[in-house]
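Participant: Sequence and predicted structure are below.
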Amino acid sequence: KNEVEQSPQNLTAQEGEFITINCSYSVGISALHWLQQHPGGGIVSLFMLSSGKKKHGRLIATINIQEKHSSLHITASHPRDSAVYICAVSPGNTPLVFGKGTRLSVIA
Amino acid sequence: GAVVSQHPSRVICKSGTSVKIECRSLDFQATTMFWYRQFPKKSLMLMATSNEGSKATYEQGVEKDKFLINHASLTLSTLTVTSAHPEDSSFYICSAYDWAGGYNEQFFGPGTRLTVL
């Protein structure tokens, strides 16, 4: 069983829809990261959080440490949001443990 | 935010040759860098942890003599794929961590796509 589980694996949405991607983890962590990987492969760090909620533009990330769960929300989705979204956890000063990613396609 | 660069972004080489990939932290000192490998439609897999001034720590199953890592300065780590073979074709990504500067966030390079013919 993976230490980091993401759902759904694939998601297709219409432009403008509200999108939620979920991440559950089984290990103790110091931080959780949400990453975005575009088709070209480059990775962008969207959020790093250890508690509560963070917002950046149309993106919102929340984490519940007790439940070992995090969600990434995209409001007013746009085709340019199409990418793979990866949840990764940091068990302290060690390398990240990655989820398998959620492939999002936003259709105009 | 902090920036990590990789060079080259894409390389095609013949089987048996060696390829060097550079990972640089552009605006901060990276005491620790990580090298990842990603196969098509697969998750990132950690290859090794590179600490400035010391030997890299390799993950199980990663051949240290094949994937040579050097972290000679606080802003540069290199990964050399020696005697590359077609099965080494992959997407290689580095990330940098800076504890000394107060960051506890990893910053990722844009990746290097290696194709071995």
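Facilitator: Arrived safely. Predicted model only: the values in this text are computed from it and were never measured.

Participant: low-scoring pLDDT stretches of chain A, where are they?
Facilitator: Confidence mapping of chain A against pLDDT under 70 gives the ranges A:1-2, A:92-93.

Participant: what does the strand or helix carrying residue A:21 contact?
Facilitator: Using DSSP states H and E, residue A:21 falls within strand A:19-25. Applying C-beta atoms under 8 Å, 6 or more residues apart in numbering or on different chains, the external contacts of strand A:19-25 come out as A:3-8, A:11, A:13, A:32, A:34, A:68-74, A:77, A:81, A:85, A:87, A:89, A:97, A:99, A:102, A:104, A:106. Yep, even glycine has a C-beta here, placed from its N, CA and C like the rest.

Participant: Just the buried ones from those residues?
Facilitator: Neighbour counting by 16 or more other C-beta atoms under 10 Å in any protein chain shown classes A:4, A:6, A:11, A:13, A:32, A:34, A:68, A:70-74, A:77, A:81, A:85, A:87, A:89, A:97, A:99, A:102, A:104, A:106 among those as buried.

Participant: Now intersect those with the helices, please.
Facilitator: Nothing among these maps onto helices, per DSSP state H.

Participant: okay, the helix or strand harbouring residue A:54 in PDB with CA atoms only?
Facilitator: Here residue A:54 sits within strand A:52-56, counting by DSSP H and E. The C-alpha trace of strand A:52-56 is given here as PDB (Å, rounded to 0.1, in the frame of the first residue of the first chain):
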ATOM      1  CA  GLY A  52      -4.800  24.800   8.100                       C
ATOM      2  CA  LYS A  53      -5.300  26.300   4.800                       C
ATOM      3  CA  LYS A  54      -3.500  28.300   2.100                       C
ATOM      4  CA  LYS A  55      -4.800  30.200  -0.800                       C
ATOM      5  CA  HIS A  56      -3.000  31.400  -3.900                       C
END
